[in-house]
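> Need the 3D shape of this:
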Amino acid sequence: MVYDHEVRGLETELTEVQHSHSSLISSTMHIHVSEQDCMEAIAVKGKASEIRELSNELTTKRGVKILKTMIVSV
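Residues are numbered from 1 along each chain as shown. I've put the predicted structure just below:
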């Protein structure tokens with residue numbers, strides 16, 4: 001997910017969404033892409049419907065520029 005960290009309150013909203021889905025999230029990595037943009041890689045494990053719900057909640061936040069979901073079967 002790439003987002004504009006200058007959007008007021010966005011980082012708090014993203015953190016709250018992630019905490020509400022903490023049972024799915026294994027790990028996150030925060031990367032500073034530019035002065036304005038940050039990228040967050042979120043590793044999840046769980047039911048597809050629950051992962052889709054998390055993805056949808058994050059995508060709809062104002063300031064989120066792009067969110068890509070990659071499915072890996074193991």
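> sec struct for Val7, please.
What DSSP: H, G, I helix; E, B strand; the rest coil gives for Val7 is coil.
> what about it, distance to Glu50?
Applying C-beta to C-beta, to the nearest Å, the value for Val7 to Glu50 is 26 Å. (C-beta placed from N, C-alpha, C; glycine too.)
> that's a helix at Glu57, yeah?
Yes. Secondary structure of Glu57 (three-state DSSP): part of a helix.
> State the helix or strand in which the nearest residue to it once chain neighbours are set aside lies.
Counting by C-beta to C-beta, 6 or more residues apart in numbering, Val17 is the residue found nearest to Glu57 once chain neighbours are left out, at 4.9 Å. Using DSSP states H and E, Val17 sits within helix 10-20.
> got a list of contacts for that helix?
Residues from elsewhere that reach helix 10-20 (C-beta atoms under 8 Å, 6 or more residues apart in numbering): 3-5, 25, 28, 40, 42, 54, 57-58, 61-64.
> Which members of the residues you listed occur in helices, if any?
Assigned to helices by DSSP state H, the following of those qualify: Leu54, Glu57, Leu58.
> Just give me the closest of the residues you listed to Ser73.
Ser73 lies nearest to Leu54 out of the ones in helices among the contacts of helix 10-20, by C-beta to C-beta, at 18.4 Å.
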